[in-house]
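predicted model follows, preceded by the sequence.
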Amino acid sequence: MGNHWLSKLDEYERLMRLDKPIGILLLLWPTLWALWMASPGGHPNWVVLWIFLLGTVLMRSAGCVINDYADRDFDGHVRRTRNRPLASGTVTPKEALLLALVLSIFAFLLILPLNHLVWALSVPALFLAGSYPYTKRFLAIPQAYLGIAFGFGIPMAYAALRGSVPMQAWILLMANVFWAIAYDTEYAMVDREDDLKIGIRTSAITFGRMDVTAIMLCYALTLGLLVWLGWQEKRGVFFYLGIIVAAGIAVYHYTIIRNREPERCFKAFLHNNWLGASVFAGLLLDEILR
């Protein structure tokens, strides 16, 4: 009996993708950008910070479970995903839905110490996380929807620290949307052939031979919006140095993906962690050394 439950827990962990933390990191960086930009004096309340750190892990895990539930009939036909717990039958659809519900409840309990505006924003945040997997059936660029879902911690962070969501929060969210289109198109380029066969829509399919150009344009728009925000907030030299490093990383990604080799496209996708970290490092140094 003990071995059975240990095996089940291992399958639940794989279903939540805790063994693949890149998704947590890509969700975490824009949330940290917002927490530091929104906080007075660049020092976010530590309780709020921990709530958002744990909430990021819980909501990304719930999103992965819902994603695999939605794609359970497709994943078995894709080389990279055919061994996922739902596709392989080691976890049942009912178990997956129950797990997603439990994770969502814990995420909501986390934000109870925060204000009512954060509570209100948690409703669209949950809707976005739950509905994203289904947008791959009808949206030409579902990655844009993913960018909103992955970036909704931004307005929630401003709401938690300021009690309001100013225009700069929505501009930061827009920057995250373009970033998500860039990195998730790299991800989608890995599965393009399989996705074409099973009829799933992705930006890699929509952009076609313009995929690399579109990715680089999205990187440019992301960094351009961040520069504009920095200028509006009178950020110092270290913030812009972080943006310059991030731009260098984006150029490096071009050298990796230009031949559209699936393994190298996946490498570029994973490497986006460093782009997000560079922006945050510049923001952090700017606050510390002001």
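It's in.

Three-state assignment for K20, please.
Look at K20: counting by DSSP: H, G, I helix; E, B strand; the rest coil, its state is coil.

just use 29 as the starting number from now, easier for me
Yes, from this point I'll number from 29; that puts the last item at K48.

pLDDT value on it, please?
Note on K48: pLDDT of 88.

ok, it to R42 distance?
From K48 across to R42, the span is 9 Å (Cβ to Cβ, to the nearest Å). (C-beta placed from N, C-alpha, C; glycine too.)

comparing these two, which residue is more hemmed in?
R42 (19 against 11; other Cβ atoms under 10 Å).

list the contacts for that one?
R112, P113 (Cβ atoms under 8 Å, 6 or more residues apart in numbering).

helix or strand: which one has it?
Using DSSP states H and E, R42 maps to helix 30-43.

tell me what the helix or strand following that helix is packed against?
Heading C-terminal from helix 30-43, the first helix or strand you meet, by DSSP H and E, is helix 50-66. Using 3 or more Cβ pairs under 8 Å, 6 or more residues apart in numbering; DSSP states H and E, the elements in contact with helix 50-66 are helix 74-98, helix 170-179, helix 181-190, helix 195-218, helix 290-316.

to S150, which of those lies closest?
Counting by Cβ to Cβ, S150 lies closest to helix 181-190 out of the helices and strands packed on helix 50-66; the figure is 7.1 Å.

so what touches that closest one?
The contact list for helix 181-190, computed with Cβ under 8 Å, 6+ apart, reads 55, 58-59, 61-63, 66-68, 72-73, 76, 79-80, 83-84, 139, 142-143, 145-146, 149-150, 153, 192-194, 197-198, 200-201, 204.

quick check on the residues you listed: which are buried?
Neighbour-count burial (16 or more other Cβ atoms under 10 Å) applied to the contacts of helix 181-190 gives 55, 58-59, 61-63, 66-67, 72, 76, 79-80, 83-84, 139, 142, 145-146, 149-150, 153, 193, 197, 200-201, 204.
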